[in-house]
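Visitor: Show me the folded form of this:
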Amino acid sequence: MIRAIYIGDVRYNECNVFEYDNQTKMFQMINDKDIAYSFEVVMEDEDFIIFLTNGDVVYQMDTKNKAIIDN
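Guide: Modelled structure (predicted):
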């Protein structure tokens, strides 16, 4: 899974998590699927932190390597 958080959200009591949907090619907010950003927008925006996870282990993706993930 590829997930992302927007660093501006950490100021609040909750931080929304966006999950990449391979069918729609969008990062959708887990709690509200109506809020979504395109793959390109999230990957190019330095204010998003990208994580790779298998459900048990989480790795923060190095921002200089963002472009190597195939969409």
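Visitor: Point me to the residue sitting farthest from the middle of the chain.
Guide: N13 (18.8 Å; Cα atoms, centre = their mean).
Visitor: Give me the three-state assignment for that residue.
Guide: coil (DSSP: H, G, I helix; E, B strand; the rest coil).
Visitor: so what's it up against?
Guide: Listed by Cβ atoms under 8 Å, 6 or more residues apart in numbering, N13 has no contact partners. C-beta coordinates here come from the backbone N, C-alpha and C atoms, glycine included.
Visitor: so what pLDDT did it get?
Guide: If you check N13, the pLDDT there is 87.
Visitor: which ones are touching Y6?
Guide: So Y6 contacts 15-16, 18, 47-48 (Cβ under 8 Å, 6+ apart).
Visitor: Let's see that with 10 Å instead.
Guide: 15-18, 27, 29, 37, 42, 45, 47-49 (Cβ atoms under 10 Å, 6 or more residues apart in numbering).
Visitor: re the thing from before, now the residue farthest from the centre of the chain: how far from Y37?
Guide: N13 is 22 Å from Y37, where distance means Cβ to Cβ, to the nearest Å.
Visitor: Repeat that for Q60.
Guide: 19 Å.
Visitor: more crowded one of the two?
Guide: Between Q60 and Y37, counted using other Cβ atoms under 10 Å, the more crowded position is Y37 (18 against 10).
Visitor: Can you tell me the SS state at that one?
Guide: The three-state assignment at Y37 reads strand, by three-state DSSP.
Visitor: Excluding chain neighbours, give the residue nearest to it in space.
Guide: F27 (4.9 Å; Cβ to Cβ, 6 or more residues apart in numbering).
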